[in-house]
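J.: build the 3D model from these lines:
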Amino acid sequence: MKPMLPAAQGEMKYKVRPELEIVFRSACARSHENEERIKELCGAGVNWSEVLACAIEHKLTLTLYEAVCAPDKDIVPHQTREALAEIVHITTRDNFRFLSEMIRLQALFETARIPAIPFKGPSLAWIAYPNFVQRTCADLDFVVPQRYIPEAVSLLKTDKYIPQFSLNEAQAGERGPVPGQYAFAPTEKSCYLELHTERTLRYFSHPLNLEQMNSRLLQLDIAGQHLRTFSVEDLLIMLSVHGAKHFWDRLSWIFDISQLIKAREVNWVLLLQIAANMESTRVLFLGLYLAHELFGAALPQHVLEQCRRDKKVKWLADKVLEGYVGDSRSTIGVWPRAVFRFRSSDRYWQGLRHLVRLTMSPTESDRQTINLPRFLNPFYRVWRPFRLMREYGLGLMNRRAKTDLAIFIPTSQDVVEQMLWLAEVAPGDVLYDLGCGDGRIVVTAAKKFGIRAVGVDINPARIAEARANARQNGVSDLVQFILGDAKKADFSKATVVTMYLGADGNLRLVDQLRSQLHPGTRIVSRDFLIYGWEPERNESYFLPNGDRTSLYLWIVKGQESASVGTTGAISGASRST
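T.: Below you'll find the model as predicted:
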């Protein structure tokens with residue numbers, strides 16, 4: 001499979017699906033050629049549901065809106081323009097909410113004398129983007145020294161934030177078990193929040209020296225408030241490590257680096273020195289190289305030459321870019337993941353040591369999948385490699401299909417009950433759960449109402465769990481679990497459809513929901529809208545742990561609106577009257 005590499009004039013060297021190319025070009029520098037190519041792609045007929053889904057997935061909705069919805073442009077169907085405007089409105093509102101909360105929390109930490117430094121999120125948007133709202137913010141991130149975590153956790157709990165980790169992890173100190181991040185669920189007025197420490201940021205080859213980084217902090221003045229964030233040089237390394245951690249799965253992570261280089265003066269000598277001291281030079285070069293190749297980030301000639309001379313950087317970049325090519329993506333197996341991380345290291349023994357540490361250091365995901373008594377905690381080191389193989393597969397031959405609808409996050413039984421109640425499930429219904437995970441919605445519907453229920457999921461491990469769940473609850477004769485892509489499933493027999501996907505996942509199912517479902521069919525989505533469709537009802541619930549969730553209900557009214565097809569717009573087959 002060939003990777004996607006633009007030539008210097010913006011011409012695509014290898015073919016990608018047109019929906020993603022529109023999103024990609026919308027983030028590139030404005031040029032006549034880019035604008036003409038976007039216009040050509042739009043005129044050739046694209047699936048606008050997929051265009052919007054790609055923009056949400058890669059966090060580039062605002063650049064897409066600016067590129068295709070300008071007053072002088074008439075290249076987007078009216079319904080799609082409305083849906084994109086709705087997305088931009090919600091994103092802009094949320095960005096300002098995140099910014100306000102970041103400023104408030106920073107003042108809270110300072111009053112408590114807790115050295116917390118905001119990074120990514122609103123602080124990065126403020127210093128790197130010409131328009132603050134261009135960068136989509138999904139949560140707030142602060143870096144806090146590990147020794148201050150107990151105080152920070154106590155402060156945030158008092159402020160009504162809800163910890164998503166155990167008390168042992170909050171008291172970890174220098175040796176106890178730590179999560180991947182100290183995550184907090186929001187209450188009604190707060191935001192998703194993550195605290196990171198020198199111990200949780202485990203994808204760096206060495207623990208971060210926060211004292212040195214604090215000596216280089218960048219001063220910010222936001223709405224009359226004085227804040228500090230990491231220096232441009234430290235941020236470039238942190239963004240590169242974060243992108244490599246996720247195999248650069250999202251274009252916006254590369255776009256962040258290009259925007260930061262464009263907006264701020266970089267001390268390139270200092271940057272390379274810091275990267276060398278942290279043994280993260282190759283990871284940095286990969287981030288810089290991708291930013292240059294895709295978005296034209298201006299690198300000094302000697303830096304660009306070093307990136308190009310390193311054959312491993314080119315190999316790694318090709319692997320990243322392969323992920324953007326084609327109509328379907330695949331899960332990266334354990335072996336390719338290990339090779340990618342090993343080749344990202346500066347030196348052989350450093351890479352081997354780092355790889356072993358990542359493989360054998362348990363996270364909260366390992367502790368959640370198997371509950372062991374405290375004295376058996378060391379066993380998690382043995383369990384982790386097996387969990388990774390089960391989750392991702394070895395990846396030696398066939399690559400496992402990867403969902404582009406959502407990651408698996410279990411739905412609590414309380415929310416399952418509320419979703420079924422909102423859908424008014426009754427005897428005689430047929431329920432389809434798209435992205436069924438471990439099957440708890442399907443099993444509950446069959447057990448409580450005696451109805452036929454079907455779950456669809458692309459992950460074999462989840463399907464195995466779902467079938468075991470059905471056997472344990474004695475409903476195997478009423479339920480069916482299908483291993484496959486929900487985008488290719490036939491759920492035309494459904495009278496109830498449930499979903500807990502991302503907003504992009506919902507959009508990728510719009511055409512099927514409209515074409516397959518009959519009038520009267522109820523659709524319930526947890527936490528995510530179907531943009532362009534007005535919900536019949538919107539209910540919010542507070543869970544026993546204080547977390548808040550939103551449920552949306554649509555009822556199919558008939559096919560009075562045009563079908564999406566490849567050129568149609570996203571509009572309301574289920575729009576309420």
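
J.: tell me, how many neighbours does residue 156 end up with?
T.: Applying other Cβ atoms under 10 Å, we find 21 residues neighbouring residue 156. (C-beta placed from N, C-alpha, C; glycine too.)

J.: so who does it touch?
T.: 163, 184, 193 (Cβ atoms under 8 Å, 6 or more residues apart in numbering).

J.: what's across from the last one in the sheet?
T.: In this structure, residue 193 has beta-bridge partners residue 140, residue 184, where bridges are defined by DSSP bridges.

J.: direction included, what does the longest strand seen in the chain pair against?
T.: When the chain is parsed with DSSP state E, its longest strand is strand 548-555. Paired strands of strand 548-555, with direction, are strand 522-526 (antiparallel), strand 537-542 (antiparallel) (DSSP bridges).

J.: just send these back as JSON lines, with mean neighbour count too.
T.: Putting the strands paired with strand 548-555 into JSON lines (neighbours: other Cβ atoms under 10 Å) gives the following:
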{"stretch": "strand 522-526", "mean neighbour count": "24"}
{"stretch": "strand 537-542", "mean neighbour count": "13"}
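
J.: ranking those by mean pLDDT, which is last?
T.: Between the strands paired with strand 548-555, the one with the least mean pLDDT is strand 537-542; it has a mean of 85.

J.: quick one, strands of the stretch 101-250 of the chain?
T.: Secondary structure of the stretch 101-250 of the chain (DSSP state E, counting those that start in this stretch): strands located at 117-118, 140-143, 162-163, 182-185, 193-196, 218-222, 225-229.

J.: and the stretch 401-550 of the chain, by the same measure?
T.: Under the criterion DSSP E, counting those that start in this stretch, the stretch 401-550 of the chain carries strands at the ranges 430-434, 452-457, 479-483, 496-499, 522-526, 537-542, 548-555.

J.: out of these, which comes closest to residue 226?
T.: Nearest of the strands of the stretch 401-550 of the chain to residue 226, taken as Cβ to Cβ: strand 548-555 at 31.7 Å.

J.: quick one: contacts of the closest one?
T.: With contacts defined as Cβ under 8 Å, 6+ apart, strand 548-555 is touched by 185-188, 415, 418-419, 422-423, 520-530, 533, 535-543, 574, 576.

J.: same thing but 6 Å
T.: The contact list for strand 548-555 (Cβ atoms under 6 Å, 6 or more residues apart in numbering) reads 188, 415, 422, 522-527, 533, 535-542, 574.

J.: let's see stretch 128-137 as CSV, backbone CA atoms only.
T.: Extracted C-alpha coordinates of stretch 128-137, given in CSV (Å, rounded to 0.1, in the frame of the first residue of the first chain):
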residue,chain,number,x,y,z
ALA,A,128,-0.2,28.3,17.9
TYR,A,129,-3.3,29.2,15.9
PRO,A,130,-4.2,32.5,14.3
ASN,A,131,-7.8,32.0,15.3
PHE,A,132,-8.1,30.4,18.8
VAL,A,133,-11.3,28.4,17.8
GLN,A,134,-9.6,26.7,14.8
ARG,A,135,-8.2,24.0,17.1
THR,A,136,-10.9,21.6,18.5
CYS,A,137,-10.5,21.1,22.2
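
J.: now do the buried residues in that stretch.
T.: Using 16 or more other Cβ atoms under 10 Å as the test for burial, stretch 128-137 gives 128-129, 132-137.

J.: between those residues, which is nearest residue 282?
T.: residue 128 (23.1 Å).

J.: residue boundaries of the helices in the stretch 151-300 of the chain?
T.: Using DSSP state H, counting those that start in this stretch, the helices of the stretch 151-300 of the chain run over residues 167-170, 210-214, 232-245, 251-263, 268-277, 281-295.

J.: which residues touch residue 455?
T.: Contact analysis of residue 455 by Cβ under 6 Å, 6+ apart lists 433, 436, 439, 442, 466, 481.

J.: mind listing what the closest residue in space to the fifth one that isn't next to it in sequence touches?
T.: It refers to residue 466. Nearest residue to residue 466 in three dimensions, chain neighbours excluded: residue 439, at 2.7 Å (Cβ to Cβ, 6 or more residues apart in numbering). For residue 439, the contact set (Cβ under 6 Å, 6+ apart) comprises 455, 466, 469.

J.: got TSV for the buried residues of stretch 128-137, with distance to residue 354 and pLDDT too?
T.: Below are the buried residues of stretch 128-137 laid out as TSV (distance: Cβ to Cβ, whole Å; pLDDT from 0 to 100):
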residue	distance to residue 354	pLDDT
128	28	94
129	32	92
132	36	84
133	37	86
134	34	88
135	30	91
136	31	91
137	30	90
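
J.: just send these back as TSV, with distance to residue 102 too.
T.: Formatted as TSV, the buried residues of stretch 128-137 follow (distance: Cβ to Cβ, whole Å):
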residue	distance to residue 102
128	15
129	15
132	12
133	14
134	17
135	13
136	15
137	9
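
J.: tell me which of these fall in helices.
T.: Within the buried residues of stretch 128-137, membership in helices is found for residue 128, as judged by DSSP state H.

J.: ok, of the buried residues of stretch 128-137, which one's closest to residue 476?
T.: Closest to residue 476, out of all of the buried residues of stretch 128-137 and judged by Cβ to Cβ, is residue 136, at 42.6 Å.

J.: and the closest one, how far from residue 458?
T.: 25 Å (Cβ to Cβ, to the nearest Å).

J.: hmm, back to that, just the helices of the stretch 151-300 of the chain: most buried one?
T.: helix 281-295 (a mean of 25; mean count of other Cβ atoms under 10 Å).

J.: what is that one packed up against?
T.: Of the remaining helices and strands, those touching helix 281-295 by 3 or more Cβ pairs under 6 Å, 6 or more residues apart in numbering; DSSP states H and E are helix 232-245, helix 251-263, helix 301-309, helix 311-322.

J.: show me the helices in the stretch 1-150 of the chain, by range?
T.: 18-27, 32-44, 48-57, 61-68, 78-111, 121-128, 149-158.

J.: can you list those in TSV and add distance to residue 447?
T.: Listed next are the helices of the stretch 1-150 of the chain as TSV, based on distance: least, Cβ to Cβ, whole Å:
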stretch	distance to residue 447
helix 18-27	40
helix 32-44	48
helix 48-57	33
helix 61-68	40
helix 78-111	36
helix 121-128	42
helix 149-158	36
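
J.: pick the most buried one from these.
T.: Comparing those by mean neighbour count (mean count of other Cβ under 10 Å), helix 48-57 ranks first with a mean of 27.

J.: how far does that helix sit from the chain's center?
T.: Here helix 48-57 shows a centroid-to-chain-centroid distance of 14 Å under the convention Cα atoms, centre = their mean, to the nearest Å.

J.: can you tell me the average pLDDT over it?
T.: On average, helix 48-57 scores 92.

J.: pLDDT below threshold where in the stretch 201-350 of the chain?
T.: Along the stretch 201-350 of the chain, the parts satisfying pLDDT under 70 run over 326-331.

J.: the stretch 351-500 of the chain: helices as residue ranges?
T.: Along the stretch 351-500 of the chain, the stretches classed as helices by DSSP H, counting those that start in this stretch are 364-369, 379-392, 413-422, 440-449, 460-472.
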